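[1] give me coordinates for this.
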Amino acid sequence: MNEWKPSLAEGLKLLSIAEKTADSKKFTGSIRYNLAAMGFEKCVISVCAINDTLPENHTLTDLMDILTRFIPVDQESKMNILKYENVQMLCSINDYQREMPSDFDTNNFIESTSHLCNKMACYCRQSCTVEV
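    The predicted structure is shown next:
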């Protein structure tokens, strides 16, 4: 029943790095964006592990679709993530696409994914308070 723990810890760590490196010369906006995207994916996978499922693919749309099956996500939060779907479609089956996100977009994406990952962390911890 603890399969979700490593994924959640890794996701939160990646998001923390993305947040803390805003002023770093070594971490471009693209790197920080991708750290946040990987962190978000890891957090979603932790929710999936609890519910014995996986997303169809690893696009932001697929991750959001599986997440909202288990956790209510308000429309604004959902749109704050999905509006970045076309920035870097690295996991798209049909359309590989990569753009450089602006600093504003990077920071907004990190803030939005962090908000939802904190919500996922609460969900995971509450769903697994009784160990089997």
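[2] the residue positioned nearest the centre of the chain is in what secondary structure piece?
    Centroid-nearest residue in the chain: residue 40, 1.3 Å away (criterion: Cα atoms, centre = their mean). Assigned by DSSP states H and E, residue 40 belongs to helix 29-50.
[3] so for that helix, what's the average pLDDT?
    Mean pLDDT, computed over helix 29-50, is 95.
[4] list the contacts of the residue nearest to the centre of the chain.
    11, 15, 60, 63, 81, 113, 116, 117 (Cβ atoms under 8 Å, 6 or more residues apart in numbering). Placement of C-beta: from N, CA and C, glycine included.
[5] residues contacting the second one?
    To tie it back to what came earlier, the one meant is residue 15. By Cβ under 8 Å, 6+ apart, the contact set of residue 15 is 35, 36, 39, 40, 43, 110, 113, 114, 117.
[6] what do you get if the cut-off is 6 Å, keeping everything else the same?
    36, 39, 114, 117 (Cβ atoms under 6 Å, 6 or more residues apart in numbering).
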